[in-house]
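Q: Sequence and predicted structure are below.
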Amino acid sequence: MGTGLIMPAWRMTGRAAELAQLDAAIEGGGTGGIVLAGTAGTGKTRLLRETLHRASRAGRDVVQVAATRSAAAIPF
C-alpha cells in the first residue's frame, strides 16, 4: 500500500540544522503538527517533502495540508 507522498527525487543538502530540529520533533512523539513558513523560493516545499518522507519512514502518521490567503475568509 503506497503512502501517496511525493518522495524526494534527490538528496537533501544544506539544511542540516533544520533537518535535525525536524527529526527531533518526529522522534519526540508528542508533535501534533509542524509548520514551515517563509518567503517564496526559500525551499519550504523541498524541506516539507523530506520531512514527510522521514516521518513516514519512522512510522508516523503523515497528513499534508496547505492553506491559502483566499481560504482565510472561511469561518472555521
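A: Perfect, thanks for sending it. Numbers count the residues shown, from 1 in each chain.
Q: for the residue nearest the centre of the chain, helix, strand, or coil?
A: With distances taken as Cα atoms, centre = their mean, the chain has L48 as the residue nearest its mean C-alpha position (3.1 Å). Under DSSP: H, G, I helix; E, B strand; the rest coil, L48 falls in the helix class.
Q: which parts of the helix or strand harbouring A55 are buried?
A: Per DSSP states H and E: A55 is located in helix 44-57. Buried positions in helix 44-57, judged by neighbour count with 16 or more other Cβ atoms under 10 Å: 47-56. To be clear about C-beta, it is placed using only N, CA and C from the backbone, and glycine gets the same treatment.
Q: Quick check: of the residues you listed, which lies closest to R11?
A: E50 (9.4 Å; Cβ to Cβ).
Q: Surely R60 and I26 touch.
A: Yes - at 6.0 Å, R60 counts as touching I26 under the criterion of Cβ atoms under 8 Å.
Q: Now stretch 21-36: average pLDDT?
A: Averaged across stretch 21-36, pLDDT comes to 79.
Q: the helices in the chain, which residues?
A: Assigned by DSSP state H, the chain shows helices spanning 16-28, 44-57.
Q: Using a markdown table, lay out the ones you listed together with distance to A37.
A: Output for the helices of the chain, formatted as a markdown table (distance: least, Cβ to Cβ, whole Å):
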| stretch | distance to A37 |
| --- | --- |
| helix 16-28 | 12 |
| helix 44-57 | 7 |
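Q: Let's see the pLDDT reported for A71.
A: In this model, A71 carries a pLDDT of 60.
Q: Over to the one 4 residues further on?
A: The model reports P75 with a pLDDT of 68.
Q: Name all residues that make contact with the residue nearest to the centre of the chain.
A: 36, 64 (Cβ atoms under 8 Å, 6 or more residues apart in numbering).
Q: For the remainder of this discussion, apply numbering that starts at 34.
A: New numbering, starting at 34: the last item is L81.
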